[in-house]
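Participant: Here is a sequence with its predicted model. Questions after.
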Amino acid sequence: MTQRLSRRGFLSTALAAGAFAATSARAEAPLTSLRPVGRGEDLRLRNLKTPEELISASGLHGIVGFSAFNLATGAVIDEHDPEVGMPPASVAKALTASYALDTLGPAHLFTTQVLATGGITNGVVAGDLVLLGGGDPTLDTDGLAELVDQLAQAGVTSVTGRFLVCGSALPFTRTIDVEQPEHLGYSPSVSGLNLNFNRVHFEWKRGGSGYEISMDARSASLRPAVHVASMGVVSRSMPVYTYADSDGRDEWTVASGALGNGGARWLPVRKPEIYAGEVFQAIAAGKGIKLSAPQIVDSAPEGEVVARHDSAPLQTILREMLKYSTNLTAECVGLASTAARDGRPLSLRQSAEAMSNWARTDLGLSHVAMVDHSGLGADSRIAARDMARALLEVNRRLGLKPLLKKFPMRDAQRRMVENHPIKVHAKTGTLNFVSGLAGFADLPDGTELVFAIFCGDLDRRDKLTRAEREKPDGASYWNARAKGLQSSLIERWAVLSAS
């Protein structure tokens, strides 16, 4: 069989040959004797660095655990500390996607409905109108506008009763990870009724007498103002943001010294049902439909379905989740999967425990203990061997590999390498001083590998204060070195697999 060298392997062989030629051209004998090449010996293996040498060269402190298998045979290619439980970070989303596919199926739809508890006469609903969430993590402002259009097409103009909102399909979680700073949009609340990934758009611009600010639920075509979340500009330098739950509203302040001339960012929403209801009410008003202020109910009353909005199929949702690493999506699909298996869970942590039990019983894993479905919580643990085995088994059953995005290989200077001969499809995971990568590698000779790599300096991470966790010193540099190590390991496996 003809063996093809990787770019790094070719360069290493060429450099070694050049050095030998230069030595041979001198009259002096070499300082050390040269070990003869055995018949059939692969020179690449002689110069191949060990895992310990690669880890040492990376300069990473902490723990590195990895496991790589041949996808077709399941044979172990290489391992290092494969049974050490590590925080998976967003690599956990690959496990959650597997859990959801196995439980709900790739064609599953999340449905948001509008119910009328009384009949409709001359455009008037003789009863309550209910916006009922079905756990859709992808519902946006345009989706609510579609529901309003259906009401208008049904001739609805007003409601005699209340306007109710219900998100009880999934348990309410105020924030995915309580250890995160309050203002980070990737740790929003979770509910059965979610909108715009439970984020509100905050925009500011310096004016003549201060700052002009807006809080809205913008989409591609709409920008309805939001009142359940408010922002006050305060003359200070630190902290940049403060948050208070005040009379059922999200009240924010921001330091004027941090704003500059203008900008925008998404802030997390802590009142998701009221947020969705308020935006629905505003869009309805624009269509001439009068609704009262939204009121939350724990369970929806019986009523006629007068409008419905279906999500994209689950397979599409998961592909987008794995591409953009959306935490809310992971939590919603994980919670919905547990609800379908065991009944509605009481909490996010309980649902994560159910997923861990599924991984142990259905996939045969032994070192897995999750606290959420997104990997945002640093207390989650899974071993590299278990993560790789999970991907191997789920890919055999359900075909997980096509859902994963391409991962760019890097050179010794940690620069991305275009047209690298090894093609990787994987899920990355990053927390402060934690980096993970798990997925599949297509080698030049046609061999496919499945692998998981976890790196973590947990002592350094644990010393961070809550305020330091958004952008701690040294974290970006550490993460870049971890990604370089991941590429080096994959290239090592390519040589081992071809030998």
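Facilitator: Here it is on my side, so go on.

Participant: how about low-confidence regions in the stretch 1-150 of the chain?
Facilitator: In the predicted model of the stretch 1-150 of the chain, residues 1-46 satisfy pLDDT under 70.

Participant: Just the helices from it, written as ranges.
Facilitator: Ranges of helices in the stretch 1-150 of the chain, per DSSP state H, counting those that start in this stretch, are 7-25, 43-46, 51-58, 92-104, 141-153.

Participant: do the stretch 301-450 of the chain as well
Facilitator: Taking DSSP H, counting those that start in this stretch as the criterion, the stretch 301-450 of the chain carries its helices at 314-324, 327-342, 348-363, 384-398.

Participant: in this protein, which helix has the most residues?
Facilitator: Assignment by DSSP state H gives helix 475-498 as the longest helix of the chain.

Participant: Just the angle for that one relative to helix 51-58, thanks.
Facilitator: Between helix 475-498 and helix 51-58, the angle comes out at 150 degrees (axes from the mean of the first three to the mean of the last three CA atoms, to 10 degrees).

Participant: on that earlier part again, mean pLDDT for the helices of the stretch 301-450 of the chain - can I get that in TSV?
Facilitator: Shown next, in TSV, are those (pLDDT from 0 to 100):
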stretch	mean pLDDT
helix 314-324	98
helix 327-342	98
helix 348-363	98
helix 384-398	96
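
Participant: Quick check: chain neighbours aside, which residue is closest to residue 79?
Facilitator: Nearest residue to residue 79, sequence neighbours excluded (CB to CB, 6 or more residues apart in numbering): residue 67, at 4.8 Å. The way it works is simple: take the backbone N, C-alpha and C, and place the C-beta from them, glycine included.

Participant: Check whether the one you found really touches residue 388, as I assumed.
Facilitator: Yes. Residue 67 is in contact with residue 388 according to CB atoms under 8 Å; the separation is 4.5 Å.

Participant: what touches both of those two?
Facilitator: Counting by CB atoms under 8 Å, 6 or more residues apart in numbering, the shared contacts of residue 67 and residue 388 are 451, 452.

Participant: returning to what we had before: got a list of what the residue nearest to residue 79 touches?
Facilitator: Contacts of residue 67 (CB under 8 Å, 6+ apart): 76, 78, 79, 82, 383, 384, 385, 387, 388, 389, 451, 452.

Participant: could you measure residue 101 against residue 151, distance?
Facilitator: From residue 101 across to residue 151, the span is 34 Å (CB to CB, to the nearest Å).

Participant: buried set for stretch 371-381?
Facilitator: 371, 372, 373, 374, 375, 376, 377, 378, 380, 381 (16 or more other CB atoms under 10 Å).

Participant: need those in CSV with pLDDT, can you?
Facilitator: Listed next are the buried residues of stretch 371-381 as CSV, based on pLDDT from 0 to 100:
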residue, pLDDT
371, 98
372, 98
373, 98
374, 98
375, 97
376, 96
377, 94
378, 91
380, 97
381, 97
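
Participant: which ones among those residues are found in strands?
Facilitator: Those of those mapping onto strands are residue 381, per DSSP state E.

Participant: Out of the buried residues of stretch 371-381, the closest to residue 204 would be?
Facilitator: Proximity of these to residue 204 (CB to CB) peaks at residue 376, which lies at 27.1 Å.

Participant: The residue nearest to the closest one when sequence neighbours are not counted: what secondary structure?
Facilitator: Nearest residue to residue 376, sequence neighbours excluded (CB to CB, 6+ apart): residue 177, at 4.5 Å. Here residue 177 is coil, with the state taken from DSSP: H, G, I helix; E, B strand; the rest coil.

Participant: residue contacts, the residue nearest the centre of the chain?
Facilitator: What sits nearest the mean C-alpha location of the chain, by CA atoms, centre = their mean, is residue 325, with 2.5 Å. Taking CB under 8 Å, 6+ apart, we find residue 325 in contact with 90, 93, 427, 428.

Participant: Next one: it relative to residue 430, how far apart?
Facilitator: When residue 325 is compared with residue 430 (using CB to CB), they lie 9 Å apart.

Participant: Same question for residue 403.
Facilitator: 19 Å.

Participant: Those two: who's more crowded?
Facilitator: Shown here are residue 403 and residue 430; by other CB atoms under 10 Å, residue 403 has more neighbours (23 against 19).

Participant: Correct me if wrong: the more buried one contacts residue 319.
Facilitator: Yes. Between residue 403 and residue 319 there is a contact at 4.8 Å, judged by CB under 8 Å.

Participant: would you say residue 251 is within a helix?
Facilitator: No. Residue 251 is assigned strand when assessed by three-state DSSP, not a helix.

Participant: Show me the beta-bridge partners of it.
Facilitator: residue 230, residue 244 (DSSP bridges).

Participant: I'd like to know the beta-bridge partner residues of the residue nearest to residue 79.
Facilitator: Going by DSSP bridges, residue 67 forms beta bridges with residue 79, residue 452.

Participant: Next, find the distance separating it from residue 52.
Facilitator: Residue 67 sits 16 Å away from residue 52 when distances are taken as CB to CB.

Participant: Which phi and psi values does residue 414 adopt?
Facilitator: phi 70, psi 30 (degrees, to the nearest 10).

Participant: give me the number of residues near it?
Facilitator: 16.

Participant: and what of the one 5 residues further on?
Facilitator: If you count neighbours by other CB under 10 Å, residue 419 ends up with 7.

Participant: How much space separates it from residue 380?
Facilitator: With distances taken as CB to CB, residue 419 is found 36 Å from residue 380.

Participant: what's the offset of stretch 440-447 from the middle of its chain?
Facilitator: Relative to the centre of its chain, stretch 440-447 is centred 26 Å away, using CA atoms, centre = their mean, to the nearest Å.

Participant: CA atoms only: put it into CSV for me.
Facilitator: What follows is stretch 440-447, C-alpha atoms only, in CSV (Å, rounded to 0.1, in the frame of the first residue of the first chain):
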residue,chain,number,x,y,z
PHE,A,440,-13.8,12.7,13.3
ALA,A,441,-10.6,12.9,11.2
ASP,A,442,-10.4,11.8,7.6
LEU,A,443,-6.8,10.8,6.8
PRO,A,444,-5.2,11.0,3.4
ASP,A,445,-5.2,7.3,2.9
GLY,A,446,-9.0,7.1,3.5
THR,A,447,-8.8,6.0,7.1
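
Participant: give the contact list for residue 329.
Facilitator: Taking CB under 8 Å, 6+ apart, one finds 137, 138, 197, 317, 320, 321 in contact with residue 329.

Participant: tell me the contacts of the residue lying closest to the first one once chain neighbours are set aside?
Facilitator: Meaning residue 137. In this structure, residue 137 finds its nearest non-sequential neighbour in residue 332, 3.7 Å apart by CB to CB, 6+ apart. If you count contacts by CB under 8 Å, 6+ apart, residue 332 has them with 110, 135, 136, 137, 170, 190, 194.

Participant: pLDDT score assigned to the last one?
Facilitator: Here the pLDDT value assigned to residue 194 is 98.

Participant: where does it fall, phi/psi-wise?
Facilitator: Dihedral angles (degrees, to the nearest 10) for residue 194: phi -120, psi 150.

Participant: didn't it look like it was pressed against residue 131?
Facilitator: No. Counting by CB under 8 Å, residue 194 stays clear of residue 131, with 11.9 Å between them.

Participant: for stretch 469-483, which positions count as buried?
Facilitator: Neighbour counts over stretch 469-483 (16+ other CB under 10 Å) mark 469, 472, 475, 478, 479, 481, 482, 483 as buried.

Participant: on that earlier part again, state the pair within the contacts of residue 329 that is farthest apart.
Facilitator: Among the contacts of residue 329, 197 and 317 lie farthest apart (CB to CB), at 12.2 Å.
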